[in-house]
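> predicted model follows, preceded by the sequence.
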Amino acid sequence: MSGGRPVQVRAEVLTLRPVGDYLSLTLVAPGVADDVRPGHFVALAVGGEQSSMLLRRSFSVYRATPGGRYGGTVEVVFAPHGAGTRWLAGVRPGDAVDVVGPLGRPFALPAASSGAASCLLVGGGYGAAPLVALAEQLRERRCRVDVVLGAASAGRLFGVTQVRRYASSVSVTTEDGSQGERGRVTDVLPDVMRRGGTQAVYACGPMGMLAAVTAAATRAGAVAQTAVEEAMACGIGVCMTCVLPVVGADGTTRMVRSCTEGPVFRGDRVRWADVGTVPEGTLGAPVAGGHR
Amino acid sequence: MSGGRPVQVRAEVLTLRPVGDYLSLTLVAPGVADDVRPGHFVALAVGGEQSSMLLRRSFSVYRATPGGRYGGTVEVVFAPHGAGTRWLAGVRPGDAVDVVGPLGRPFALPAASSGAASCLLVGGGYGAAPLVALAEQLRERRCRVDVVLGAASAGRLFGVTQVRRYASSVSVTTEDGSQGERGRVTDVLPDVMRRGGTQAVYACGPMGMLAAVTAAATRAGAVAQTAVEEAMACGIGVCMTCVLPVVGADGTTRMVRSCTEGPVFRGDRVRWADVGTVPEGTLGAPVAGGHR
Amino acid sequence: MTAPLASVDLPAPVLTASGCAAAGRELDPFLDLTELGAVVTKSIMLEPRSGRATPRMAETPSGMLNSIGLQGPGVASFLAHDLPWLRERGARAVVSVAGGSVDEYAALAERVGGEEGVTALEVNISCPNVESRGQVFACDPAAAASVLSAVRRRTPARVPVLAKLSPDVTDIVEVARACVDAGADGLSMINTLLGMVIDTDTLRPALAGVTGGLSGPAVRPVAVRCVWQVRAALPDVPILGMGGVRTGLDALQLVLAGADAVSVGTATFNDPSAPLRVQRELRQALAERGFARFTDAVGAAHHQLPRRRAEGVPA
Amino acid sequence: MTAPLASVDLPAPVLTASGCAAAGRELDPFLDLTELGAVVTKSIMLEPRSGRATPRMAETPSGMLNSIGLQGPGVASFLAHDLPWLRERGARAVVSVAGGSVDEYAALAERVGGEEGVTALEVNISCPNVESRGQVFACDPAAAASVLSAVRRRTPARVPVLAKLSPDVTDIVEVARACVDAGADGLSMINTLLGMVIDTDTLRPALAGVTGGLSGPAVRPVAVRCVWQVRAALPDVPILGMGGVRTGLDALQLVLAGADAVSVGTATFNDPSAPLRVQRELRQALAERGFARFTDAVGAAHHQLPRRRAEGVPA
Ligand SMILES: Cc1cc2nc3c(=O)[nH]c(=O)nc-3n(C[C@H](O)[C@H](O)[C@H](O)COP(=O)(O)OP(=O)(O)OC[C@H]3O[C@@H](n4cnc5c(N)ncnc54)[C@H](O)[C@@H]3O)c2cc1C
Ligand SMILES: Cc1cc2nc3c(=O)[nH]c(=O)nc-3n(C[C@H](O)[C@H](O)[C@H](O)COP(=O)(O)OP(=O)(O)OC[C@H]3O[C@@H](n4cnc5c(N)ncnc54)[C@H](O)[C@@H]3O)c2cc1C
Ligand SMILES: Cc1cc2nc3c(=O)[nH]c(=O)nc-3n(C[C@H](O)[C@H](O)[C@H](O)COP(=O)(O)O)c2cc1C
Ligand SMILES: Cc1cc2nc3c(=O)[nH]c(=O)nc-3n(C[C@H](O)[C@H](O)[C@H](O)COP(=O)(O)O)c2cc1C
Ligand code: FES
Ligand code: FES
């Protein structure tokens, strides 16, 4: 794990407000906020003390404010979806929410020594959440920052306004054309990359998008860092539910935990087409007559 | 079941306020309130949609107000105790609580034809809740109403003030002497019964108290009606968890459901000493070598 | 939404579960019993029976334990009072029968099977066999088979006989097969899991009966697995599925795993209208998923299973 | 709060559960591992192993299903990296071992049993026996016994060997007895229950492995029952209890039923500090109930059982 040692705190809900189709939840979570870097996530317990829902829900940190008036806050943006997020959508200021974080490996910033790189940030839906702080930090390092944000429809876009402060360009796509260009982020990527002379791509969104972004980056000679979203039971590396096939520096494919070794992976290391399988040749994969 | 056909409604919390060590919860529950008689109870679902607590919690109705500004309210008084009542202690005005009621057989009032009887009402702790409305209705029938209320300590007394309006006498006992006489309700019963010329006793409280009250009533030649409290899984008569041994008019002991045949039983019919057993001779009881 | 179950066509796929609806009457204020597939009665025995001492229940996470001990009025009272009420009400009755010996089951089948208004018999074999050191019939394929064969022989051919299986066995398919071979027309599964709660105040078992049966949403994954396994092994045997159903989507899981109809048990204690609500939700869920007929969904999760997915053992 | 478990004296009665704490390291930020009785490692196999495809988990009411497929780096990597870390950290290790054949188990015992820092072996026999059509060792008393006897023979006498039992059997006492007779010094119970969830959107099993292991508070009543039954039948055999423990009172239930120590598994996913919190809560619960020593509470629910309470069968 890179960044802060995770802590567990009983946080207090400061605000919960709608942002398009999403909800933005700000928690007073001292300790958690201190060491957050873009790409880190937090895991929230849901449903209260007598909840039938045992597993935490994971959310990328959108904004972390260490110290300050409340002694540290973290903000996440989420889509009310299943039972756990519906419960979260019902919390009220002052309610307690148990938080574990920061978790995972954040995005790697270009080495300061390597000079100002030209960076492209690509976000799908709420996947834009971790990119806003990332844009800010890249900007501080004097990197060029281009941003492409896409979603199914306008309500599911996030961060368009917030990211403008740090971006040289912001392109928006929606599948229904309700905002920006009609289409997908990948439709505009080649153009944006060419114009910006992109060297590094940072992406967060659905798996399919990450695969396509990685392909586009590779074609353009850029390196992609992708933040994946796999179902996680623990979020802290003890359960082995959140794995996906990733090729190591040694060329060997391993089933790798996305909670501790990820969620950010080099895009060209992830075997996107094989996610949901154990590809042949993976370290320890079943062989004919072998384990099941 | 006597009284109204039970209904199931999604009630809204109107108020929740502390009353001594208890909490008083008023629910807007149209339909439920219409037909409540003293001794009826309601069963509340606890913990919300994703609760791990499947079973409803039962509470005697303290006050029911059909119609009126809110289209019908019911009020219950409860002790925050285990997980379900702790959850109830955290509800806020406007929250939804699923209610089933009115349930059970209420107290039988003396037949109007038989003239005004002299009645004694005995309540232990929150067991006083159903007695207030009962006192009122007995008073309306011009019965003499004496009341004895007891609890472990002053904070666990309920209804002392409310019941005064309808009572010829109100005696109070606490085990720690923090209010009224130090001791138990049974210490003062013989006296009160003698002074009041008691013909009918109505009691609600812990099993031990009900047994003792029944014995005192029988000694004084009065008939006791007792509202028992057995753990109930369904509250509506389908599960058979809430039984206790009761002697029928035919002299046969049966395991009888306290939710539908009770919670009010003639005290002299309940085999108090055998509660928690299947006494020998009970209809269908195991015999040597028989069923287990 | 017709649901064929063995030789009968139920007008709807959701039923009550035995022991969770008494003989139906008490649910009448909360739902229209005639809209359900059928009312499955509390298991009936030959003689009146007191059941066990209290406490008979303990709440557990997303479930409960019960140890009722088959309290009931006996078959004579059932036939005199309960069955006629259901018949007059227009509800279909699946009568659950229970006994302590093969002869008792046989006698019950004889008394009940031919009565008007009996849509099917469900044979609760999760009972101790008094002739075999109290071993539970459902835990021994041979014992289960003798009960089913005795009941089948005594019951009119038009009345299907369902064997109600216990999940507390090493191999439920083996017991299922034994019951079917012995003549069962279908299988009900699952009965409760044997469980226990200790009261941490008294430091004693919470139930007077020490152990009890675990039911409710907590056990649903076990029920889905049992239905899946038996469906896979015996694809043509009708299954009445149950265990932890609280919503229409829960029922859909059992149906997709292979249940031809679904019973709702413990959820009724939480919501007395649950059986009918579940049926309504199930109908809507099927429509949303484009199933034209209920029967198209039965066992659908078995089809087109990606090849790399093989049934396995966890952890 | 010393907790004797077979021949070792654990300094505390709460442990992690296998597969729910990796090899300990990841929990280091959340709790002091040295305060626990021991860390029970994820089951180790001889060779590296990829485990199954995803999805590997599904949330269920008060529980979850998992189908990890024993992913791990193999024993060599474990001995090179994980065990030394635990040793340096000062934590005790109970090493869980798993194999597909008796020989694999034997080889693992040989490699692991004598290593410094190994407090005990826990033998996970809920694995398919590749030499017997994939039948799970834990479901067959004879197969379970051969594994335990092989492991016991290869392991230094000072290191206790615990057999980890599956609840998915008709008679857990029979399997327990077979393991003990084969040389097991103690028993761990329970492993997960075989379960299944169907995804009502895809209409397919939610897990890539189709079935999975059910764990969490939902299964606690089954765990308490298993511990109770085995304790009653084999009063002198040490038991490491687990299954659905989330609070100190849950742990106390297992202890009163007969567990000499308690593992906390799935609850750790909800609360990474759960094992230590449970231990703290358990200590307090024991004090409040007047137990001078932890061991006084072990099996206490068996004593002075009112006579009318006989172990029974539900419903
Ligand atoms: C690293 C990471 C970062 C994430 N960031 C965000 C974010 O910023 N905003 C946001 O809205 N969502 C985010 N998600 C997805 C979010 O965790 C899921 O939408 C959420 O867990 C679903 O919970 P539920 O109660 O709505 O669904 P349920 O269906 O009730 O969930 C059941 C179980 O499945 C898991 N699960 C279901 N869907 C997903 C999913 N898509 N990804 C992972 N687990 C899932 C849940 O965690 C839970 O354990 C992120 C996921 C991960 C892994
Ligand atoms: C007819 C009737 C009327 C009642 N009236 C009142 C009242 O007016 N005020 C009040 O405070 N309490 C009343 N009770 C008791 C009340 O139902 C229990 O205190 C409550 O169910 C405990 O729930 P819990 O969540 O606090 O406890 P938990 O321990 O979480 O309960 C677990 C399970 O046990 C059952 N249970 C536990 N204790 C009792 C008990 N004493 N009686 C019945 N079931 C129990 C619960 O209903 C639940 O199913 C009444 C009970 C009955 C049967
Ligand atoms: C209180 C109670 C009583 C039960 N009685 C019986 C019974 O008499 N006969 C029977 O076959 N099953 C009985 N069962 C088992 C249920 O019919 C059902 O198989 C089991 O509870 C699982 O379904 P559920 O989770 O929907 O309740 C009983 C269950 C409960 C909870
Ligand atoms: C994700 C996961 C992985 C597990 N892996 C193993 C394992 O490798 N070996 C083993 O013996 N048990 C394994 N188990 C079972 C647990 O050790 C434990 O026996 C079971 O989960 C019941 O306890 P719980 O309810 O506290 O989790 C695993 C459980 C889970 C949830
Ligand atoms: S979520 Fe448990 S290891 Fe990643
Ligand atoms: S509580 Fe279910 S029958 Fe009385």
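Sure thing, it's come through. Numbers count the residues shown, from 1 in each chain, chains lettered A, B, ... in the order given. Ligands and ions are numbered 1, 2, ... in the order given.
> enumerate the residues of chain C near ligand 3.
With the criterion set to C-beta under 6 Å from any ligand atom, chain C comes near ligand 3 through C:17-20, C:42-43, C:66, C:68, C:70, C:96, C:124, C:164, C:191-192, C:213, C:215-216, C:219, C:242-245, C:264-267. From N, CA and C alone the C-beta is placed, and that goes for glycine too.
> 5 Å instead, please
C:17-19, C:42-43, C:66, C:124, C:164, C:191-192, C:215-216, C:242-244, C:265-266 (C-beta under 5 Å from any ligand atom).
> tally up the residues packed near the residue of the stretch 151-300 of chain C found nearest chain B, please.
Residue of the stretch 151-300 of chain C nearest chain B, by C-beta to the nearest C-beta: residue C:269 (4.1 Å). Residues within reach of residue C:269, counting by other C-beta atoms under 10 Å in any protein chain shown, total 26.
> what's it sitting at in phi/psi?
phi -70, psi -30 (degrees, to the nearest 10).
> what do you get for residue C:128?
phi -70, psi 140.
> sorry, back to before: out of the residues of chain C next to ligand 3, which sit inside strands?
Among these, the residues falling in strands (DSSP state E) are C:66, C:124, C:164, C:215, C:242.
> the third one contacts residue C:184, correct?
So that's residue C:164. No: assessed by C-beta atoms under 8 Å, residue C:164 is found out of contact with residue C:184, at 9.7 Å.
> where does the residue nearest to the residue of the stretch 151-300 of chain C closest to chain B when sequence neighbours are not counted land in three-state SS?
Among residues not flanking residue C:269 along the chain, residue B:234 sits closest, at 4.1 Å (C-beta to C-beta, 6 or more residues apart in numbering or on different chains). For residue B:234, the secondary-structure state derived from DSSP: H, G, I helix; E, B strand; the rest coil is coil.
> quick one: contacts for residue B:234?
Residues near residue B:234 by C-beta atoms under 8 Å, 6 or more residues apart in numbering or on different chains: B:56, B:241, B:259, C:268, C:269, C:272.
> let's see 10 Å
Each residue near residue B:234 by C-beta atoms under 10 Å, 6 or more residues apart in numbering or on different chains is listed here: B:43, B:55-56, B:58, B:100, B:103, B:240-242, B:257, B:259-260, C:20-22, C:26-27, C:57, C:266, C:268-270, C:272.
> that older thread, the more surrounded of residue C:164 and residue C:184?
residue C:184 (31 against 28).
> neighbours of the nearest residue to that one once chain neighbours are set aside, how many?
Once flanking residues are discounted, residue C:184 sits nearest to residue C:163: 4.2 Å by C-beta to C-beta, 6+ apart. Neighbourhood size, residue C:163 [other C-beta under 10 Å]: 31.
> and the strands in the stretch 101-250 of chain A, which stretches?
Remark: strands assigned in the stretch 101-250 of chain A by DSSP state E, counting those that start in this stretch are A:118-124, A:144-151, A:169-174, A:181-182, A:200-204, A:223-227, A:243-247.
> okay if I get the ones you listed as CSV plus distance to ligand 2, mean pLDDT and mean neighbour count?
Formatted as CSV, the strands of the stretch 101-250 of chain A follow (distance: least, C-beta to the nearest ligand atom, whole Å; pLDDT from 0 to 100; neighbours: other C-beta atoms under 10 Å in any protein chain shown):
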stretch, distance to ligand 2, mean pLDDT, mean neighbour count
strand A:118-124, 44, 97, 27
strand A:144-151, 44, 97, 26
strand A:169-174, 49, 96, 19
strand A:181-182, 54, 96, 14
strand A:200-204, 43, 97, 27
strand A:223-227, 42, 97, 25
strand A:243-247, 38, 97, 23
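> before we move on, the earlier item: partner residues bridging the residue nearest to residue C:184?
Beta-bridge partners recorded for residue C:163 (DSSP bridges): residue C:123, residue C:187.
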